[in-house]
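Colleague: Just need the structure, nothing else, for what follows:
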Amino acid sequence: MELKSLQGIGAAGASGVARSAATGTATGPGFARALDSALKGVSQLQQESSAMQRQYQLGSDSVSLEDTMVAMQKAQIGFQAAVTVRNRLVSAYTDIMNMQV
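Modeller: Residues are numbered from 1 along each chain as shown. Below is the predicted model:
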């Protein structure tokens, strides 16, 4: 699953996050920058895991099964954390939008 869909988490909310999601760069406030950095880190873990899986499947001696499995678990945990953060942000946004003014 591609992480680009997660980058638009707050696009309808804070303008800094909207700018960040629309341009692909972190130009907004500190939170948007931190979120962008975290998503890039998760994406990097997934790419490294995929590369290690490919190398192991091709029979490369430089990659062990244990290292490959650890990389896969790190990528999975990072992705699950990103999805949890996204779900909580969407829930918070929904709660704010449903507030009476």
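
Colleague: does residue 99 count as helix, strand or coil?
Modeller: coil (DSSP: H, G, I helix; E, B strand; the rest coil).

Colleague: what's the spacing between it and residue 84?
Modeller: The spacing between residue 99 and residue 84, counted by CB to CB, to the nearest Å, is 23 Å. (Glycine included, C-beta is placed from N, CA and C.)

Colleague: what does residue 43 give?
Modeller: According to CB to CB, residue 43 and residue 84 sit 16 Å apart.

Colleague: In the chain, which residue is most central in space?
Modeller: The centre of the chain sits closest to residue 39, judged by CA atoms, centre = their mean, with a distance of 3.1 Å.

Colleague: can you tell me the helix or strand for that one?
Modeller: helix 30-57 (DSSP states H and E).

Colleague: In contact with residue 44, which residues?
Modeller: Neighbouring residues of residue 44 by CB atoms under 8 Å, 6 or more residues apart in numbering: there are none.

Colleague: I'd like the numbering to begin with 42 instead of 1 from here.
Modeller: All right, first residue 42 from here; so that's residue 85.

Colleague: Could you check the pLDDT of it?
Modeller: What the model reports for residue 85 is a pLDDT of 97.
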